[in-house]
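Novice: could you look at this predicted model? Sequence included:
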Amino acid sequence: MAEPPVLIRQDEVEDLLHYKDLIPRLEIALRKFSKLDSAEVIQPVRTTVPLQKYNGFLGLMPAYLVHEDILCTKLVCFYKRESGSTLPSTQATVLLFDPEYGNVKAVMDGEVITAKRTAAVSAISAKLLMPAKSDVLTILGAGHQALSHYNVFTETFSFKEVRVWSRRKETAERFAQSTQGHVTVLESVEEAVNGADVIVTVTGASEPVLFGQWVKPGAHVAAVGACRPDWRELDDVLMRQAEVYVDSREGAVAESGDIILSGAKVFAELGEVLNGTRPALREKTTVFKSLGMGIQDAVSAKLVFEQWKNKH
Ligand SMILES: NC(=O)c1ccc[n+]([C@@H]2O[C@H](COP(=O)([O-])OP(=O)(O)OC[C@H]3O[C@@H](n4cnc5c(N)ncnc54)[C@H](O)[C@@H]3O)[C@@H](O)[C@H]2O)c1
Ligand SMILES: O=C(O)[C@@H]1CCCCN1
C-alpha cells in the first residue's frame, strides 16, 4: 500500500520556493509547452465550475510533464469580491501524484505557489519584452499578486522608481509600507502609468482599469487579472495597439475577456519566444496576457517537494 501523502504548509512552501530556482524551471516548461511537435506536456484547458451564489469559480488545473514524470493538479477557488470585503479572493491547494502508482505523494498549500509562479512568469515576460532601458515600474492593484510581483521584479531588475495604485488609497499606502524598498503611491491610474516602462495589472477588476491612451509607446504590460471570458482589465485601444503575447493560446482564446472581447490577435506564446520560433518585439508596445497554467504549478510543486525531502 502507498504511503499517505505528506502535508506541506503555507509557511513551509514560502521557505522552500525561491525565484532563482523557479524561473529556470518555468522557462523550460514554457518552452516544452510551445513545441507543437512534442507530446512532452499534457495540459488540458482549465475546467471551471461556477459558484454563482458566491460570485466565484472552482478551477481544476491538471498537468502531466512526461519527461520529468510530474503529475499534478491544482484546485483553485477564485472570487470577485466587493471593495472592502475581508474574504480571500483566491484559495488554492496543490496535489502532487506518483504517476505510476496513482497515489497522492504530497498535498501542499497552493496560494504561495500561485503567487510566486504567476509573478515569476510575468518577470520572464518582462525580461523578454520590456524596453531595453526600463526605469519605471507601475503596479496596479495592491493585493497578493502585487506583492509577489514587486518582490520578483525588484529582485530581477533595477528600476529607478516603483509606483503603486489601488482603488482604495489606504490599501496602496499599506502596500507601500510593507515593501523593502521605496514605492510611490499614486491617486489615479493615469498618473501612475504616465511614462512607465513596465506596468503590471494585478486587480480583481472585471471592467478596464488601464487605457491605451495613457500607456507610453513601447511599454510592456504584464496583465494578470481578468481571467474570465467576460472580465476586462485593459481597454480595446491598448489590446489593439499592442503586440499580444500569452502563456497559452488555447487558454487565452477560451478565458481572456481582454482578448476575446477586443478581438485582438495573439502574436505569440512566451514559450515560442523562448524557443526562438517567434520574435520578442521589445521596441513595440507589448501586452503579456497571463492566465496561469497547470504546468507552472506542477514544476513549482516538484521543486517544493524536492526541497522538503532534502530537509526531512
Ligand atoms: N494569471 C494568473 O495566473 C493569476 C493567478 C492568480 C491570480 N490571478 C488574478 O490576479 C488578480 C489579483 O489576484 P490577488 O491574489 O492579488 O488578489 P487580491 O484580492 O489579493 O488583490 C486584488 C487587488 O485588486 C483590487 N481590485 C479588486 N477589484 C478591483 C476593481 N474592480 N478595480 C480595481 N481594483 C480592484 C483590490 O483592491 C486589490 O488591490 C485577480 O484577478 C486574480 O484572479 C491571476
Ligand atoms: O492560474 C491560476 O492559478 C489563477 C487562479 C485564479 C484565476 C486565474 N488563474
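Specialist: That came in fine, so what should we check first? Ligands and ions are numbered 1, 2, ... in the order given.
Novice: could you use CA atoms for every contact and neighbour count after this?
Specialist: Noted.
Novice: how far away is Gly84 from Thr171?
Specialist: Distance of Gly84 to Thr171, given as CA to CA, to the nearest Å: 10 Å.
Novice: out of the two, which sits in the busier spot?
Specialist: Neighbours were counted for Gly84 and for Thr171 using other CA atoms under 10 Å; Thr171 has more, 18 against 8.
Novice: which residues does that one contact?
Specialist: By CA atoms under 8 Å, 6 or more residues apart in numbering, the residues touching Thr171 are Ala142.
Novice: nearest spatial neighbour of the residue nearest the centre of the chain, chain-adjacent residues omitted?
Specialist: For the chain, Thr118 is the residue whose C-alpha lies nearest the centre (CA atoms, centre = their mean; 2.7 Å). Once flanking residues are discounted, Thr118 sits nearest to Gly292: 6.6 Å by CA to CA, 6 or more residues apart in numbering.
Novice: tell me if I'm right that that neighbour and Asp247 touch.
Specialist: Yes. Using CA atoms under 8 Å, Gly292 is in contact with Asp247, at 7.2 Å.
Novice: who's more crowded, those two?
Specialist: Asp247 (24 against 21).
Novice: that one contacts Glu272, correct?
Specialist: No. With contact defined as CA under 8 Å, Asp247 does not count as touching Glu272 (9.5 Å).
Novice: got phi/psi on the residue lying closest to Thr184 once chain neighbours are set aside?
Specialist: Nearest residue to Thr184 in three dimensions, chain neighbours excluded: Arg163, at 4.6 Å (CA to CA, 6+ apart). With angles defined as degrees, to the nearest 10, Arg163 sits at phi -120, psi 150.
Novice: dump the residue contacts of Arg163.
Specialist: Arg163 makes contact with 136-139, 183-186, 192 under the criterion CA under 8 Å, 6+ apart.
Novice: now, which of the residues you listed lie within strands?
Specialist: Mapping these onto strands (DSSP state E) picks out 136-139, 184-185.
Novice: returning to what we had before: let's see the pLDDT reported for the residue nearest to Thr184.
Specialist: If you check Arg163, the pLDDT there is 98.
Novice: separation between it and ligand 2?
Specialist: 24 Å (CA to the nearest ligand atom, to the nearest Å).
Novice: again, but for Pro88
Specialist: On the measure of CA to the nearest ligand atom, Pro88 and ligand 2 end up 11 Å apart.
Novice: can you pull the pLDDT of that residue?
Specialist: With respect to pLDDT, Pro88 scores 96.
Novice: packing partners of the helix or strand of the chain with the lowest mean pLDDT?
Specialist: Of all helical and strand segments in the chain, the minimum by mean pLDDT, DSSP states H and E falls on strand 41-42, at a mean of 94. On a contact count with 3 or more CA pairs under 8 Å, 6 or more residues apart in numbering; DSSP states H and E, strand 41-42 meets strand 56-65.
Novice: does ligand 2 sit close to the strand it packs on?
Specialist: No. Strand 56-65 does not reach ligand 2 (CA under 6 Å from any ligand atom); its nearest approach is 7.3 Å.
Novice: contacts for that strand, please.
Specialist: 40-51, 70-80, 293-295, 298.
Novice: in helices, which of those residues fall?
Specialist: If you go by DSSP state H, these have 294-295, 298 in helices.
Novice: buried subset of the residues you listed?
Specialist: Using 16 or more other CA atoms under 10 Å as the burial test, the ones in helices among the contacts of strand 56-65 include 294-295, 298 as buried.
Novice: of those, which is the nearest to ligand 2?
Specialist: Gly294 (7.1 Å; CA to the nearest ligand atom).
Novice: how close does the closest one get to Lys35?
Specialist: As judged by CA to CA, Gly294 and Lys35 stand 17 Å apart.
Novice: can you tell me how far the nearest residue to Glu161 once chain neighbours are set aside sits from Leu71?
Specialist: Leaving out its chain neighbours, the residue that sits closest to Glu161 by CA to CA, 6+ apart is Val136, at 4.9 Å. Distance of Val136 to Leu71, given as CA to CA: 39 Å.
Novice: give me every residue in the protein lying close to ligand 1.
Specialist: Close to ligand 1, as judged by CA under 6 Å from any ligand atom, the chain has residues 89-90, 114, 118, 141-146, 166-167, 202-206, 224-226, 290-292.
Novice: re the thing from before, partner strands of the least confident helix or strand of the chain, with direction?
Specialist: Within its sheet, strand 41-42 is paired with strand 56-65 (antiparallel), according to DSSP bridges.
Novice: more neighbours: Val136 and Leu71, which one.
Specialist: Using other CA under 10 Å as the criterion, Val136 and Leu71 rank with Leu71 on top: 25 against 20.
Novice: ok, the residue in the chain positioned nearest to ligand 2 to Val237 distance?
Specialist: Nearest residue of the chain to ligand 2 (CA to the nearest ligand atom) works out as Gly292 at 3.3 Å. Gly292 is 24 Å from Val237, where distance means CA to CA.
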